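K.L.:
need coordinates for the following:
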Amino acid sequence: MKTNITKIYACFPGGKHKVLTMSYDDGKHEDRRLVALFNQYGIKGTFNVNSGLEGDPVRIPQAEYKELYKGHEVACHTVSHPTIERCPLPLVAQEIIEDRKKLEEIMGYPVRGLAYPNGSHSPQIRAMLPSLGIRYGRIVGNSDGFSMPEDFMSWKATCHHDHNLLKLGEEFVNLQKKQYLYMMYVWGHSYEFTKNNNWEVMEDFCKLVGGRDDIWYATNIEIVDYMDVVKAAQFAADGSFVYNPCVQSLWLCVDDEKLIEAKGGEVTYLV
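P.N.:
Numbers count the residues shown, from 1 in each chain. This next block holds a predicted model:
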């Protein structure tokens, strides 16, 4: 017997059910080649840099950040890259706040993401981050999966680029069940491609996953912000309409048939 309850699924922008995001640390010269590769295939990345290491000859000068990382995201990696779990909390807070301040001065937008330096973090640090204006923290390791994170402060990637990247990429592009939201998240350091002489791994991956109609290409913070839009949506009790109080549009799939864009600040009827 057919139910009278409307089935409503949240979608990614454009009605998509898959998202790809990339995260690369330390801001070394190889980022130039990696950014060019991402731009060629329409892929977006988050680049986690240390504002206090300006002048290191292996790192990109900060004067290049705004143009180089245009269309991508610059996020915190702390001022000086300490192993923060071993540091006093007030100094950890300074490492993050001062990093934010300098990077925001350079980039001209709020810097709200963090990749934990050396993968180091603790419950106390994670609990402190919202008060420092940080919306997510990326940990190290490989989940080998495509699920959305339960906790953005302990955000684990699908894989490092040296860990089954092409195999997992093939699995990701072949995912078809639209009742789920899937995310592939790749992390690493661009200098590792030079060190290991394996740039072809990322080149082949970008060819595989880039330019696809069913994938949303997003930075880390764009995913966090969009999921906030999903959470903020106000639905009628019978599912017949939704009010979106945010500026950004919300995308919904209704009864497995209709894709609907609920624009910001408007009531949108779904049935």
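K.L.:
so, low pLDDT: which residues of the stretch 1-150 of the chain?
P.N.:
Across the stretch 1-150 of the chain, the ranges flagged by pLDDT under 70 are 1-3.
K.L.:
for it, which segments count as strands?
P.N.:
8-11, 18-25, 45-49, 73-76, 113-115, 136-138 (DSSP state E, counting those that start in this stretch).
K.L.:
OK, contacts around the nearest residue to residue 74 once chain neighbours are set aside?
P.N.:
For residue 74, ignoring the flanking residues on the chain, the nearest one in space by Cβ to Cβ, 6 or more residues apart in numbering is residue 107 at 5.2 Å. All C-beta atoms are positioned from the backbone trio N, CA, C, and that covers glycine. Shown in contact with residue 107 (Cβ atoms under 8 Å, 6 or more residues apart in numbering): 65, 66, 69, 74.
K.L.:
next one: residue 194
P.N.:
residue 30.
K.L.:
which strand or helix spans it?
P.N.:
Here residue 194 sits within helix 191-196, counting by DSSP states H and E.
K.L.:
what separation is there between the residue nearest to residue 74 and residue 200?
P.N.:
31 Å (Cβ to Cβ, to the nearest Å).
K.L.:
try residue 82
P.N.:
34 Å.
K.L.:
elements contacting the helix or strand following the helix holding residue 194?
P.N.:
Sequence-wise, the next helix or strand downstream of helix 191-196 (DSSP H and E) is helix 199-209. Helix 199-209 sits against helix 31-41, helix 165-173, helix 191-196, with contacts defined as 3 or more Cβ pairs under 8 Å, 6 or more residues apart in numbering; DSSP states H and E.
K.L.:
report the buried residues of stretch 73-93.
P.N.:
Using 16 or more other Cβ atoms under 10 Å as the test for burial, stretch 73-93 gives 73-79, 81-82, 84, 87, 92-93.
K.L.:
then stretch 141-157?
P.N.:
Within stretch 141-157, judged by 16+ other Cβ under 10 Å, the buried ones are 142, 143, 146, 149, 152, 153, 155, 156, 157.
K.L.:
equivalent analysis for stretch 201-218, please.
P.N.:
Using 16+ other Cβ under 10 Å as the test for burial, stretch 201-218 gives 201, 202, 205, 206, 209, 210, 212, 215, 216, 217, 218.
K.L.:
let me know the closest of these to residue 11.
P.N.:
residue 216 (9.1 Å; Cβ to Cβ).
K.L.:
most centrally placed residue in this protein?
P.N.:
The chain has residue 220 as the residue nearest its centroid, 1.5 Å off, counting by Cα atoms, centre = their mean.
K.L.:
nearest residue to that one other than its sequence neighbours?
P.N.:
Nearest residue to residue 220 in three dimensions, chain neighbours excluded: residue 46, at 4.2 Å (Cβ to Cβ, 6+ apart).
K.L.:
who does that neighbour form a beta bridge with?
P.N.:
residue 23, residue 73 (DSSP bridges).
K.L.:
so it touches residue 222, yeah?
P.N.:
No: using Cβ atoms under 8 Å, residue 46 is not in contact with residue 222; the gap is 9.1 Å.
K.L.:
need the residues touching each of the two.
P.N.:
Counting by Cβ under 8 Å, 6+ apart, the residues touching both residue 46 and residue 222 are 21, 73.
K.L.:
end to end, how far does stretch 184-198 reach?
P.N.:
This stretch, stretch 184-198, spans 21 Å end to end (Cα to Cα, to the nearest Å).
K.L.:
now stretch 224-244: buried residues?
P.N.:
By 16+ other Cβ under 10 Å, the buried positions in stretch 224-244 come out as 224, 226, 227, 229, 230, 233, 239, 242, 244.
K.L.:
make a markdown table from those and add pLDDT and secondary structure to it.
P.N.:
Shown next, in a markdown table, are the buried residues of stretch 224-244 (pLDDT from 0 to 100; DSSP: H, G, I helix; E, B strand; the rest coil):
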| residue | pLDDT | secondary structure |
| --- | --- | --- |
| 224 | 98 | helix |
| 226 | 98 | helix |
| 227 | 98 | helix |
| 229 | 98 | helix |
| 230 | 98 | helix |
| 233 | 98 | coil |
| 239 | 95 | coil |
| 242 | 98 | strand |
| 244 | 98 | strand |
